[in-house]
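>>> only geometry, no sequence info:
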């Protein structure tokens with residue numbers, strides 16, 4: 001993942017606001033002091049470390065102020081919190097961005113037109129197209145030619161477990177995703193509905209992280225899966241005990257997510273429910289930073305989706 005030597009003129013770091021280590025409580029990105037930076041958004045997370053939203057936003061403001069003199073900041077223009085802090089460093093150039101223009105072809109693939117050329121992407125959805133545009137701007141700043149960027153980005157298939165296709169046939173697909181924050185959950189659900197508007201979507205989220213299992217944080221998930229045709233929330237009471245967190249009532253979780261959300265706490269019952277579904281013209285999306293208490297996604301997808 002890392003190569004440091006005297007020949008490398010550019011260091012690229014994908015980092016975040018979490019603490020550097022158990023003995024260094026400095027948010028990681030306060031240490032970078034970059035020349036070029038990208039901020040994709042601010043969505044409250046890690047409430048065990050940042051107990052209030054204002055305190056959380058302050059960490060991003062400190063990061064902006066740490067960018068080197070004459071440096072560049074690219075930030076997502078629709079994020080209201082980035083709008084407030086993006087100009088807090090007068091010594092840098094601050095430039096907003098949005099998604100790159102794209103269209104969906106007859107083959108359901110995503111295409112981007114740049115100049116006279118059209119490029120077929122390996123990823124899809126607004127969220128990916130926003131990130132690709134940010135990457136493009138940073139690469140241009142580093143001296144990469146635009147045509148070279150597009151020739152390279154077409155082979156990018158996304159990070160592992162980020163909207164990762166596990167199994168598909170002509171009528172259905174099984175995807176997994178690592179998302180757990182409400183904004184990322186919403187973006188993932190919306191991306192699949194955009195790609196397959198004619199298919200029903202069954203979206204299942206496991207509440208697994210410390211933040212996602214906090215009773216005062218769960219209301220942040222309201223309507224995050226409203227575009228799924230069937231939304232399921234799973235959590236394990238044993239995980240709550242292991243993390244020494246108070247018990248959660250299923251009715252409270254259902255109320256927080258809203259709509260017709262189904263709440264389950266037994267992984268076998270969840271699997272039974274999914275296996276009973278008629279998968280004609282349907283997709284399944286399993287979302288977690290865990291594994292739903294032991295589900296092997298590859299073998300499970302094989303059971304659900306037949307060739």
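It's in. Source: prediction; values computed, not measured. Residues are numbered from 1 along each chain as shown.
>>> Every contact and neighbour count from this point should use C-alpha atoms.
Noted.
>>> and residue 185, what is it in contact with?
By Cα atoms under 8 Å, 6 or more residues apart in numbering, the contact list for residue 185 reads 179, 224-225, 287.
>>> That one sits in which helix or strand?
With elements taken from DSSP states H and E, the one containing residue 185 is helix 182-195.
>>> next SSE after that helix?
The C-terminal neighbour of helix 182-195 among helices and strands, as given by DSSP H and E, is strand 200-206.
>>> what about that next one, distance to the chain center?
Shown here is strand 200-206, whose average C-alpha point lies 15 Å from the average C-alpha point of the whole chain (Cα atoms, centre = their mean, to the nearest Å).
>>> Pull the residues that contact whatever helix or strand comes next after that strand.
Taking DSSP H and E as the definition, the helix or strand that follows strand 200-206 towards the C-terminus is strand 230-234. Outside of strand 230-234, the residues within contact range by Cα under 8 Å, 6+ apart are 201-207, 225, 254, 260-267, 292.
>>> Could you list every helix and strand in contact with the helix or strand immediately after strand 230-234 in the chain?
For strand 230-234, the succeeding helix or strand toward the C-terminus, using DSSP H and E, is helix 237-242. Counting contacts by 3 or more Cα pairs under 8 Å, 6 or more residues apart in numbering; DSSP states H and E, helix 237-242 packs against no other helix or strand.
>>> In helix 237-242, which of the residues would be classed as buried?
Along helix 237-242, these residues count as buried under the neighbour rule (16 or more other Cα atoms under 10 Å): 239-240.
>>> List of residues touching it?
Contact partners of helix 237-242, identified using Cα under 8 Å, 6+ apart, comprise 208, 213, 246-248, 265.
>>> Tell me the buried residues within those.
Burial of the contacts of helix 237-242 was assessed by neighbour count (16+ other Cα under 10 Å); the buried members are 208, 213, 265.
>>> pLDDT and distance to residue 272 added to those, as a markdown table?
Converted to a markdown table, the buried ones among the contacts of helix 237-242 look like this (pLDDT from 0 to 100; distance: Cα to Cα, whole Å):
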| residue | pLDDT | distance to residue 272 |
| --- | --- | --- |
| 208 | 90 | 21 |
| 213 | 92 | 24 |
| 265 | 97 | 13 |
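>>> before we move on, back to that, tell me the one among the contacts of residue 185 nearest to residue 236.
In terms of Cα to Cα, no member of the contacts of residue 185 lies closer to residue 236 than residue 287, at 14.5 Å.
>>> For the closest residue to residue 163 other than its chain neighbours, name its beta-bridge partners.
Nearest in space to residue 163, with sequence neighbours left out and distances taken as Cα to Cα, 6 or more residues apart in numbering, is residue 177 at 4.7 Å. When bridges are assigned using DSSP bridges, the partners listed for residue 177 are residue 287.
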